[in-house]
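*Asks:* Below: sequence and its predicted model.
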Amino acid sequence: MAGRTLDRSGSTPLWQQLQRSLLDRLSTGEFSEQFPGELALVEEYDVSRSTVRQALRQLRADGVIVAERGRQPRVAPVPEIHQPVGALYSLFASVEAAGLSQDSVVRALDVRADALVAERLGLEGSTPLVYLERLRLAGDDPLAIDRVWLPASIATPLLDADFRHTSLYGELATRTGIRLDAGHEDVHAVVPSPAESAQLRCPAGTALFAINRLGLSQGRPVEWRQTLVRGDRFALTAEFTAQFGYRFTQPQTG
């Protein structure tokens, strides 16, 4: 096994250098099959076992690896986002319920016309629409590409919102007084394009959930949303019994 060089003349402790090296290798998927044991790391990096143990101790504390007494460390499983079927939901709330921070990269927030979307909202084709496009993150990892259109006649106040760390529905309620209370949604599996795979950093062979939603408030269409979610990070859930069939649970709102 080829050795790896650490800087022994610098001020950064060897265990911290080892920790960073392992994190870099984890980010490339190098340890997807198996994480190396202590003795293998001692040999590969030419360091003491105490140095290896200190680096692994910090990786365990950060939730990156799991290590039980007498067993080889393994990469900690990535938390999965669970979404109840048949209930109006906020992806913001679902991500936070999984114990992950929720952030977004805002790609677009403007007013534009889209004849096809306007028709879905029951509007004339030239009707101005507020358009919001975000790359949604769960922790530090891309989770979804989210595109939303709303009538500008009600949603113009949203143009002043900072959607990097907040939910659309929360801002909509606060700034306009409008709350979604019904809608129609369809979910199907799709193969991502190369551009979508690159944006979402999908592992090879990962499918996406494509979610289309028409959101209503008091019977009026106010939202058309298209969301692409990584299939390896997202699950749809429902409860059922023989007596009552499926029973859909209401999630937390964000």
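*Replies:* Thanks, I have the structure now.
*Asks:* For the residue lying closest to His165 once chain neighbours are set aside, I want the exact helix or strand it lies within.
*Replies:* Of all residues not flanking His165 in the chain, Asp103 sits nearest, at 5.9 Å (CB to CB, 6 or more residues apart in numbering). C-beta coordinates here come from the backbone N, C-alpha and C atoms, glycine included. Using DSSP states H and E, the element containing Asp103 is strand 102-112.
*Asks:* The residue nearest the centre of the chain and Trp224: what is the separation?
*Replies:* Central residue of the chain (CA atoms, centre = their mean): Leu143, 2.8 Å from the mean position. With distances taken as CB to CB, to the nearest Å, Leu143 is found 21 Å from Trp224.
*Asks:* Pull the residues that contact stretch 35-53.
*Replies:* Residues outside stretch 35-53 that contact it (CB atoms under 8 Å, 6 or more residues apart in numbering) are 1-4, 6, 14-15, 18, 21, 55-56, 65, 72-75.
*Asks:* In helices, which of the residues you listed fall?
*Replies:* Among these, the members falling in helices are Leu14, Trp15, Leu18, Ser21, Ala55, Leu56 (criterion: DSSP state H).
*Asks:* just curious, which of the residues you listed is nearest to Ala118?
*Replies:* Ser21 (52.9 Å; CB to CB).
*Asks:* all helices for the stretch 1-150 of the chain, in order.
*Replies:* 14-27, 38-45, 49-61, 91-97, 115-120 (DSSP state H, counting those that start in this stretch).
*Asks:* And for Asp116, the neighbour number?
*Replies:* Quick fix: residue 116 is Leu, not Asp. Neighbourhood size, Leu116 [other CB atoms under 10 Å]: 9.
*Asks:* sorry, that was for Thr5
*Replies:* Neighbours around Thr5, by other CB under 10 Å: 9.
*Asks:* quick one on the thing from earlier: which among the contacts of stretch 35-53 end up buried?
*Replies:* Leu6, Leu14, Trp15, Leu18, Ser21, Ala55, Leu56, Ile65, Pro73, Val75 (16 or more other CB atoms under 10 Å).
*Asks:* I figured the fifth one hits Leu6, correct?
*Replies:* This points to Ser21. Yes - the pair Ser21 and Leu6 passes the contact test of CB atoms under 8 Å, sitting 7.4 Å apart.
*Asks:* Of all the helices and strands in this structure, which has the lowest average confidence?
*Replies:* strand 81-84 (a mean of 50; mean pLDDT, DSSP states H and E).
*Asks:* The residue nearest to His165 touches Asp162, doesn't it?
*Replies:* No - in this structure, Asp103 is not within contact of Asp162 by CB under 8 Å, at 11.2 Å.
*Asks:* where in the chain is pLDDT low?
*Replies:* 1-3, 62-63, 67-71, 76-102, 236-254 (pLDDT under 70).
*Asks:* And the strands in it?
*Replies:* 65-66, 74-75, 81-84, 102-112, 129-138, 141-151, 182-190, 208-217, 220-230, 234-237, 239-241, 245-247 (DSSP state E).
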